[in-house]
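>>> Provide a 3D model corresponding to the input given below.
(one chain, ligands or ions: 2)
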Amino acid sequence: MKTALIIGRFQPFHLGHLLLIEEAAKHSDFIVIGIGSSQESHTKENPFTAQERRRMIERSLKIPKKFSIFDIPDIGNDELWVSHVEKLIPRFDIVYTNGELERRLFKESGYRVHATGFFNRDKYSGAEIRRRIISGEKWEDLVPEGTLAVMKEIDGVQRIKSLG
Ligand code: ATP
Ligand code: MG
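Ligands and ions are numbered 1, 2, ... in the order given. Model prediction:
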């Protein structure tokens, strides 16, 4: 059985994340999703709690039996990061990421790493979506239905505006 790992902060969970996970799911039997900086919430860069981000993902993914989600708090040390992740999640075979540092760290620890390349990065970006929300621009078509629903339930727009 082939298991793929995807780690993100998902602030919020957007269509770029969804496409990355769907691509990983095509080539794997099981997906492990790590919520990075899980200890952070209610800041400009990290407005949502790990539990809120988990709900966005669970409501958005259409592969209900094929994934599980784990919290990964920051450790603040790149050298120890991979072993920190390994302690928190089940065994995995390949990492899907478009992040340079993450790619390097997992490769140096002997893992296979696959980059899909960025989808629509000018729009499908956490920072861009938070910026649009603060400045009152349209952002709703950049996230899956599940994220939109959770954002409504938790008044996510107001959260981001008040922190920005
Ligand atoms: P922020 O702007 O807050 O850093 P982000 O959009 O970069 O948010 P992350 O949670 O930092 O999202 O990224 C999680 C993972 O998703 C990383 O591997 C990242 O490279 C990947 N990713 C983010 N946006 C896209 C995208 N548009 N297409 C493909 N992969 C993406
Ligand atoms: Mg990022």
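>>> Count the neighbours of Asp46 for me.
No Asp there; residue 46 is Asn. Neighbourhood size, Asn46 [other Cβ atoms under 10 Å]: 21. Using the backbone N, CA and C atoms, a C-beta is placed for each residue, glycine as well.
>>> Name all residues that make contact with it.
Asn46 makes contact with Arg9, Gln11, Ser37, Glu40, according to Cβ atoms under 8 Å, 6 or more residues apart in numbering.
>>> Glu45 reaches Arg131, doesn't it?
No - if you go by Cβ atoms under 8 Å, Glu45 and Arg131 don't touch, sitting 11.5 Å apart.
>>> export the contacts of Asn46 to TSV and tack on secondary structure and neighbour count?
As requested, the contacts of Asn46 are arranged in TSV below (DSSP: H, G, I helix; E, B strand; the rest coil; neighbours: other Cβ atoms under 10 Å):
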residue	secondary structure	neighbour count
Arg9	coil	21
Gln11	coil	25
Ser37	coil	20
Glu40	coil	17
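>>> Which ones, among these, also lie beside ligand 1?
Restricting the contacts of Asn46 to those near ligand 1 by Cβ under 6 Å from any ligand atom leaves Arg9, Gln11.
>>> pLDDT added to the contacts of Asn46, as a markdown table?
Shown next, in a markdown table, are these (pLDDT from 0 to 100):
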| residue | pLDDT |
| --- | --- |
| Arg9 | 98 |
| Gln11 | 98 |
| Ser37 | 98 |
| Glu40 | 98 |
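>>> Pick the one among the contacts of Asn46 closest to Glu153.
The nearest member of these to Glu153, counting by Cβ to Cβ, is Gln11 at 16.6 Å.
>>> All set, thanks.
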